[in-house]
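Asks: One predicted model, sequence on top.
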Amino acid sequence: MKRLIIAAGIIALLVVASLYLTRPISLSAGSLPDHPVNLANGELIFNAGGCASCHLSSEDNDQPPQLGGGLEMSTPFGIFHVPNISPDKTNGIGNWSALQFASAMLEGTSPDGKHLYPSFPYASYTRMRIEDVIDLKAYLDTLPPVDQQNLPHDLGFPWQIRSGIGFWKLINLRSEPVVSLPADNVLLQRGRYLVEGPGHCGECHTPRDWTGGLNTERWLAGAPNPEGEGKVPNITPDEDKLGEWAEADIAYYLKSGFTPDYDTVGGSMVDVQENMSRLSDEDRKAIAAYLKAVPALK
């Protein structure tokens, strides 16, 4: 009987420890720095992150982006419906504070204290500077509110159990950079930040492991196409792939959509390139320098 009591106590402690370690984490008020909002930087981060590519509900090039969401993302875990992130106060994020928005971006936690599904790529956004997150929220608040309701995700068992996401975060949520670089190289540091953080390039160009998290040992080495056909290409400096391109070729491709052999961008990369074309020449140069500096993988 004594052994059973001890065993039950150990199990209870393990359960409590597990629940504690996998709980949703929200940032405290003291986490927000005293930061004067920079709307121009917020727009830059918006474009670097390609927010409109998933959240755009209607497009008019003469009008600001309308971010009512609605895109369906079909995955092995079920169908995710991209939410409304316009400043609509009922269906969008108009009532979210900067602190709540930062908790979603950096910790994957909703304003009501629940785990967000990592179809929202906060596993990359967690590497972002909180000042950039604050600027992004301020920029989003300047866009038109869209009165469009969000649809619930259509997920099978056990993926609809949000508490399990805590275990996923425990394994996969890391804020440190993926690739080690010289600390004194400002250009490479900027490129790494844009690619690994707001640009979340690894979410498509890196294969996933058994948990659905990114296999960082194969960082940017190509992955199955989430749209179902073909493969997302290897963008490491492998001699048979991007290794043949100069840094200037990569930067020009991001600006113009033209490859060195005069082919053009295609598929889902069209939206990415259009977003990158809105960045500065210096930022595109930084991205190119970083892509030439990551480990080459076959």
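Replies: Alright, I've got the coordinates.
Asks: Now do the helices for the stretch 151-298 of the chain: every range, in order, please.
Replies: Along the stretch 151-298 of the chain, the segments classed as helices by DSSP state H, counting those that start in this stretch run 165-172, 186-196, 202-205, 247-256, 269-276, 281-293.
Asks: Okay, buried residues for the fifth one please.
Replies: The reference is to helix 269-276. 272-276 (16 or more other Cβ atoms under 10 Å). For glycine as for every other residue, the C-beta is placed from the backbone atoms N, C-alpha and C.
Asks: Output the contacting helices and strands for it.
Replies: On a contact count with 3 or more Cβ pairs under 8 Å, 6 or more residues apart in numbering; DSSP states H and E, helix 269-276 meets helix 39-48, helix 51-55, helix 247-256.
Asks: which strands and helices sit next to the first one?
Replies: If I follow you right, that is helix 39-48. helix 130-140, helix 269-276.
Asks: for the shortest one, same thing?
Replies: Under the contact criterion of 3+ Cβ pairs under 8 Å, 6+ apart, helix 51-55 touches helix 269-276.
Asks: ok, residues contacting the helix it packs on?
Replies: For helix 269-276, contacts defined as Cβ atoms under 8 Å, 6 or more residues apart in numbering pick out 47-50, 52-53, 253-255, 257, 265, 284, 287.
Asks: same thing but 7 Å
Replies: With contact meaning Cβ atoms under 7 Å, 6 or more residues apart in numbering, helix 269-276 is reached by 47, 50, 53, 254, 257, 265, 284.
Asks: isn't the fifth one right up against Thr264?
Replies: Yes - shown here, Gly257 and Thr264 form a contact pair, counting by Cβ atoms under 7 Å, at 5.5 Å.
Asks: Looking at the two, which one has more neighbours?
Replies: Gly257 (17 against 11; other Cβ atoms under 10 Å).
Asks: Would you mind measuring from the residue lying closest to that one once chain neighbours are set aside to Tyr252?
Replies: Excluding its sequence neighbours, the residue lying closest to Gly257 (Cβ to Cβ, 6 or more residues apart in numbering) is Val265, at 4.2 Å. Note on Val265: its distance to Tyr252, by Cβ to Cβ, to the nearest Å, is 12 Å.
Asks: Which parts of this structure belong to which domain?
Replies: Domain ranges of the chain: 26-172, 186-293, per automatic domain parsing.
Asks: gap between Ala183 and Gln189?
Replies: 7 Å.
Asks: rewinding a little: go through the domains of the chain and name the closest to Val179.
Replies: Nearest to Val179, of all these, is domain 186-293, at 6.2 Å by Cβ to Cβ.
Asks: OK, contacts around the residue positioned nearest the centre of the chain?
Replies: The C-alpha lying nearest the average C-alpha coordinate of the chain belongs to Pro121 (Cα atoms, centre = their mean; 3.2 Å). Residues near Pro121 by Cβ under 7 Å, 6+ apart: 200, 203.
Asks: Quickly note the distance from it to Pro226.
Replies: For Pro121, the distance to Pro226 - Cβ to Cβ - is 12 Å.
Asks: Would you list the buried entries among the contacts of helix 269-276?
Replies: Among those, those buried by neighbour count (16+ other Cβ under 10 Å) are 47, 50, 254, 257, 265, 284.
Asks: for the stretch 1-150 of the chain, which spans come out with low pLDDT?
Replies: 2-4, 6-21, 60-62 (pLDDT under 70).
Asks: tell me which residues of stretch 170-185 are tucked away?
Replies: 172-173, 178-179, 181.
Asks: And the strands in the stretch 1-150 of the chain?
Replies: 72-75, 78-81 (DSSP state E, counting those that start in this stretch).
Asks: among those, which is the most enclosed?
Replies: strand 78-81 (a mean of 17; mean count of other Cβ atoms under 10 Å).
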